[in-house]
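> Have a look; sequence and predicted model below, questions after that.
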Amino acid sequence: MNMRAPTRVSSNCHPPQTSRLSWLATIVLCCVGPLAAQSPRFVFFDAPNAGTGSNQGTLPVAINQNGVIAGDYVDKANQLHGFVRGTNGKITQFDPPNLAGTFVYAINQAGQIVGSGVGQFSITHGYLRQTNGSFTPIDLAGSAGTGTFPYSINDGGQVAGAYADSAGVWHGFLRDAAGNYTILDAPNAGTGINQGTFARVINANGQIAGYYADANTVYHGFIRDQFGNYTSFDAPGSGTQAFLGTQTDGLNAAGEIAGYYFDNSFNTHAFVRDTSGNLTSFDVPTSTITSSVSINDSGRILGQWAGTGQTNGFLRDSAGHLTTFSVPITNTGTFPSSINNHGHVTGVYSDSQGVAHGFVF
């Protein structure tokens with residue numbers, strides 16, 4: 001998910017959380033307990049061909065356990081491309097064949113990357129980029145609607161994502177390492193336009209977390225075990241109106257889930273769900289929107305928060321202690337996107353001219 005405000009599916013039939021060009025949108029968060037400012041050691045970087053105008057630049061999305069970073073950059077012509085940054089700092093830029101507007105969603109420990117691009121007739125197609133730079137298409141039969149969005153890949157090469165059919169209904173999918181697909185439809189998922197199932201993240205055990213929009217287009221979280229059993233859940237205080245409710249954005253190896261929810265006052269709050277099914281909501285004090293974006297295997301949650309000012313980052317440990325951070329140079333927003341098991345964090349900051357730059361610490 002990441003570097004952007006939480007979004008809701010709307011009548012334009014685009015999936016949530018896919019617009020890199022809206023990365024400057026303001027978000028806000030709220031939490032209980034004292035906060036401490038954190039001063040990590042930041043490293044900044046830019047893709048070689050990233051644009052230097054407003055709403056252009058470098059947009060890291062995910063970091064794997066080895067510290068390799070994958071993401072997007074917007075060039076001077078406002079076109080989106082993918083990149084991967086090695087642990088030595090070398091950046092390789094890429095675009096899948098015959099696709100434009102490259103989105104990157106996830107990278108696994110082996111360096112395999114999944115994402116999407118736009119092809120003929122404005123249909124989105126998924127791709128798997130291998131470590132040698134070759135590409136494998138990821139497309140679901142029947143994805144004649146908006147297209148196919150592979151959101152997550154685990155270290156075994158299993159991919160989870162979502163696609164829209166010709167009626168604008170969303171379905172989750174699981175792709176195994178051999179290229180076989182399983183369609184995922186959560187119980188009680190709606191069957192109307194902009195309703196259905198969104199498989200967001202998959203862990204090493206094959207558990208999949210996501211959310212579904214019911215017949216009233218209200219969102220509910222779910223986790224699907226490796227045997228195909230679904231458990232639905234709602235964060236306390238989740239809204240019950242259309243386009244409100246619970247959305248998930250992170251899943252670790254133990255099965256702990258991080259996400260956010262929209263309440264009936266249209267405010268956004270973060271939550272964590274433990275392996276016993278207990279849900280805890282939290283907010284950064286003085287914030288108005290709280291969004292968790294990633295959780296690692298030690299239960300450390302990364303997120304974004306903002307109040308009346310700019311967006312900044314936060315970290316929440318497994319005991320519930322919160323620390324906030326911002327890049328230590330003049331900026332108009334810090335947008336963390338991913339944390340690995342070593343606690344390394346990547347994300348984006350916006351400079352005073354509205355240009356995006358990558359960071360890692």
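Arrived safely.

> Leaving out the residues flanking it, which one is nearest to Gly133?
The shortest distance from Gly133 to any non-neighbouring residue, by C-beta to C-beta, 6 or more residues apart in numbering, is to Phe94 (6.9 Å). Just so you know, the C-beta spots here come from the backbone N, C-alpha and C atoms, and that holds for glycine as well.

> repeat for Asn312
Ser326 (4.5 Å).

> Could you report the separation of the one you found from Gly347?
11 Å (C-beta to C-beta, to the nearest Å).

> Kindly report the same for Gly221.
24 Å.

> who's more crowded, those two?
Gly347 (30 against 26; other C-beta atoms under 10 Å).

> Run the chain-centre distance for the one helix or strand Ser116 maps to.
Following DSSP states H and E, one finds Ser116 within strand 113-118. Centroid displacement of strand 113-118 relative to its chain, using C-alpha atoms, centre = their mean, to the nearest Å, is 13 Å.

> which secondary structure elements does it contact?
Packing partners of strand 113-118 (3 or more C-beta pairs under 8 Å, 6 or more residues apart in numbering; DSSP states H and E): strand 80-85, strand 100-107, strand 124-129, strand 148-153.

> again, 7 Å this time
Counting by 3 or more C-beta pairs under 7 Å, 6 or more residues apart in numbering; DSSP states H and E, the packing neighbours recorded for strand 113-118 are strand 100-107, strand 124-129, strand 148-153.

> Check those for me and report the most buried one.
Counting by mean count of other C-beta atoms under 10 Å, strand 148-153 has the highest mean neighbour count of the helices and strands packed on strand 113-118, with a mean of 27.

> returning to what we had before: pull the number of nearby residues for the residue nearest to Asn312.
17.

> what does the one 3 residues further on give?
Other residues near Ile329 number 12, with proximity taken as other C-beta under 10 Å.

> next one: Gly354
When neighbours are counted by other C-beta under 10 Å, Gly354 comes out with 14.

> What are the phi and psi values at the closest residue to it other than its chain neighbours?
Closest residue to Gly354 apart from its sequence neighbours, by C-beta to C-beta, 6+ apart: Ser54 at 3.6 Å. Phi and psi for Ser54, reported as degrees, to the nearest 10, are phi -60, psi 140.

> who's in contact with Ser54?
353-355 (C-beta atoms under 7 Å, 6 or more residues apart in numbering).

> thinking again about what came up before, ok, the residue nearest to Gly133 to Ser298 distance?
31 Å.

> strands paired with the helix or strand harbouring Phe335, and their directions?
Using DSSP H and E, Phe335 maps to strand 333-339. Using DSSP bridges, the strands paired with strand 333-339 are strand 345-350 (antiparallel).

> So for stretch 344-353, what gets flagged as buried?
In terms of neighbour count (16 or more other C-beta atoms under 10 Å), stretch 344-353 has its buried residues at 344-351.

> tell me the phi and psi of Phe121?
phi 60, psi 20.

> Now do the buried residues in stretch 247-254.
Across stretch 247-254, burial judged by 16+ other C-beta under 10 Å covers 247-252.

> Ignore what I typed, I meant stretch 161-170.
Applying 16+ other C-beta under 10 Å to stretch 161-170 flags 161-165, 168-170 as buried.

> what's the answer for stretch 116-123, then?
Buried residues in stretch 116-123 (16+ other C-beta under 10 Å): 116-119, 123.

> closest to Asn132 among these?
Gly117 (19.0 Å; C-beta to C-beta).

> contacting residues for the closest one?
Applying C-beta under 7 Å, 6+ apart, the residues near Gly117 are 96, 99-103, 125, 127.

> In a markdown table: those, plus pLDDT and distance to Glu256.
Conversion of the contacts of Gly117 to a markdown table gives the following (pLDDT from 0 to 100; distance: C-beta to C-beta, whole Å):
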| residue | pLDDT | distance to Glu256 |
| --- | --- | --- |
| Pro96 | 97 | 33 |
| Leu99 | 94 | 34 |
| Ala100 | 94 | 37 |
| Gly101 | 95 | 33 |
| Thr102 | 97 | 31 |
| Phe103 | 97 | 26 |
| His125 | 94 | 32 |
| Tyr127 | 98 | 29 |
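
> picking that back up, within its sheet, name the partner strands of the strand holding Ser116 and how each one runs.
By DSSP bridges, strand 113-118 pairs with strand 100-107 (antiparallel), strand 124-129 (antiparallel).

> Can you check what angle separates the first one from strand 80-85?
Going back to what we said before, that points to strand 100-107. 40 degrees (axes from the mean of the first three to the mean of the last three C-alpha atoms, to 10 degrees).
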